[in-house]
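Student: Have a look; sequence and predicted model below, questions after that.
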Amino acid sequence: MKAWKVAVLLLIVVAIAGAALLYYPAVKPREEQKPSVVWVVDYAGRNVSVPARVSRVVAIGPGALRLVSYLGAVDLVVGVEDAEKTWSVVGRDYAMVYSEFFRKLPTIGPGGPRSPPNPELIRSVKPDLVIMSRVYVELYDPDRLSQEVGAPVVVVDYGIAGYLNASEFKRAITLLGKILGKEERARELCSYVDSLVSDLASRAKGVEKKSIYVGAVSYKGAQPFTGTQGKFPPLQLIGTGSIADETGKVGFINVDFEFILKRQPAYVFIDLNNLNNVLDDFNKDKSKYCALEAFRAGRVYAILPFNYYHTNVATAFADAYYMGKVLYPDRFADVDPARKADEIYQKFLGKPIYKDFVSGLGRGFGDLSDLFKC
């Protein structure tokens, strides 16, 4: 081939290549469109379509705002129930961290376990998602609320109030993490919960069962010494139970003082939320308390309240470590209960708040023999 023909061919090839480069931006693959909504199945068994990117949230009913707080998503919250502004925060772990922020937000309803949602107030803050406690399903139909508010309503729960079901908690956190774009944080929390459950079970493996009573357990207001709970969660975490389990009942119960006298528990734990009630009753009639071996021997101890507007999961774990330390000191020899509590609060809420419990309740973990002298 002659040289001039070769040159012409090269020019043609270069021209075609140049045209292709010029054409490339127009034919490059289109970016894959992300869905604008995601579908989830909530705790009421409803298929709910929620925005793929949620930016304005309200959480209503027992435990709902706690889950949002544990996920570190309070910056999405645009309104809170009046209860978050008027109730004492001490004992409600998430409120002890975020109460100042909550007070600045608009009110979206009364709150509390028995008050139905207020659609008008919720609509006024223009949420693009309502997270609703399953407790409220009996008070208000979530589909009706969704229509009245103009936003999807997702029903959530993490078990029976006052109890700790680690599997249910992880399921709820995982669901909300997906909805709120906090998947990694949800996985982190689930992993930490697994590590606590495993550590507590390992420490308590094969230990001798002891006779225990937990009195004045927090439940819907002030409770007396005889107010207790079957299958007390912190004790369940360390593989033991209390004399209340002998009733065969699960949940909060009031037992007769005679029942406690007859069982003669070797250890007594008192919920600090109701310590003053027990003290008042003790000072009225010391004889019945001093008829209990645990009081005579000075084996009466304080624990933090973990049941306040649903289960304070972090506090239930903190109590489990303290109760383990009292009951099985050799197995928990390396545990400083106050320091462990702060580690747990730091993981759940990003802030160590044990000292706030102590200042708010007047004291923290410890024996109460200085108050109950027989």
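Tutor: Looks like it came in fine. Every value quoted in this text rests on a predicted model; they were computed, and no experiment measured them.

Student: which SS class is the closest residue to residue 189 other than its chain neighbours?
Tutor: Spatial nearest neighbour of residue 189, excluding adjacent residues (CB to CB, 6 or more residues apart in numbering): residue 173 at 5.4 Å. Where C-beta positions appear, they are placed from N, C-alpha and C, glycine not excepted. At residue 173, secondary structure determined by DSSP: H, G, I helix; E, B strand; the rest coil is helix.

Student: do you know how far residue 173 is from residue 191?
Tutor: 11 Å (CB to CB, to the nearest Å).

Student: if you count what's nearby, which of these two comes out ahead?
Tutor: Neighbours were tallied for residue 173 and for residue 191 using other CB atoms under 10 Å; the higher tally belongs to residue 173 (24 against 10).

Student: Was I right to think that one contacts residue 192?
Tutor: No. Checked against CB atoms under 8 Å, the pair residue 173 and residue 192 is beyond contact range at 10.6 Å.

Student: And the most centrally placed residue in the chain, how close does it get to residue 226?
Tutor: The centre of the chain sits closest to residue 313, judged by CA atoms, centre = their mean, with a distance of 4.4 Å. Distance, residue 313 to residue 226, using CB to CB: 26 Å.

Student: now residue 214
Tutor: Here the distance between residue 214 and residue 226 works out to 11 Å (CB to CB).

Student: Looking at these two, which is more packed in?
Tutor: Remark: of residue 214 and residue 226, residue 214 carries more neighbours, 25 against 19, as counted by other CB under 10 Å.

Student: so where do the strands sit in the stretch 101-250 of the chain?
Tutor: For the stretch 101-250 of the chain, the strands defined by DSSP state E, counting those that start in this stretch cover 129-133, 153-156, 212-215, 227-230.

Student: what ranges do the helices span in the stretch 101-250 of the chain?
Tutor: Ranges of helices in the stretch 101-250 of the chain, per DSSP state H, counting those that start in this stretch, are 119-124, 142-149, 166-180, 183-204, 233-237.

Student: I meant the stretch 251-374 of the chain, not that one.
Tutor: Secondary structure of the stretch 251-374 of the chain (DSSP H, counting those that start in this stretch): helices at 257-263, 275-284, 286-290, 293-296, 313-327, 337-349, 354-361.

Student: which of those is buried the deepest?
Tutor: Mean neighbours per residue, mean count of other CB atoms under 10 Å, is largest over these for helix 313-327, with a mean of 26.

Student: just for the chain, where's the confidence low?
Tutor: Along the chain, the parts satisfying pLDDT under 70 run over 1-34.

Student: Please parse it into its domains.
Tutor: Domain ranges of the chain: 37-189, 207-367, per the TED database.

Student: Distance from the chain centre to the last one, please.
Tutor: How far domain 207-367 lies from its chain's middle: 19 Å, per CA atoms, centre = their mean, to the nearest Å.

Student: Check the first one too.
Tutor: Computed by CA atoms, centre = their mean, the chain-centroid distance of domain 37-189 equals 12 Å.

Student: Compute the first-to-last residue distance for it.
Tutor: Terminal residues of domain 37-189 lie 25 Å apart, using CA to CA, to the nearest Å.

Student: Quick check: buried residues in stretch 295-312?
Tutor: Within stretch 295-312, the residues that count as buried by 16 or more other CB atoms under 10 Å are 295, 299-312.

Student: gap between the spatially closest residue to residue 293 that is not a sequence neighbour and residue 210?
Tutor: Sequence neighbours aside, residue 264 is the residue nearest to residue 293 in space, at 5.1 Å (criterion: CB to CB, 6+ apart). Residue 264 sits 12 Å away from residue 210, taking CB to CB as the criterion.

Student: got it, and residue 373?
Tutor: 23 Å.

Student: higher neighbour count, these two?
Tutor: Using other CB under 10 Å, the more surrounded residue of residue 373 and residue 210 is residue 210, with 15 against 10.

Student: what about that one, distance to residue 242?
Tutor: Taken as CB to CB, the span from residue 210 to residue 242 is 10 Å.

Student: Looking at the helices of the stretch 251-374 of the chain, spot the one closest to residue 85.
Tutor: Nearest to residue 85 among the helices of the stretch 251-374 of the chain is helix 354-361 (16.9 Å), distances taken as CB to CB.
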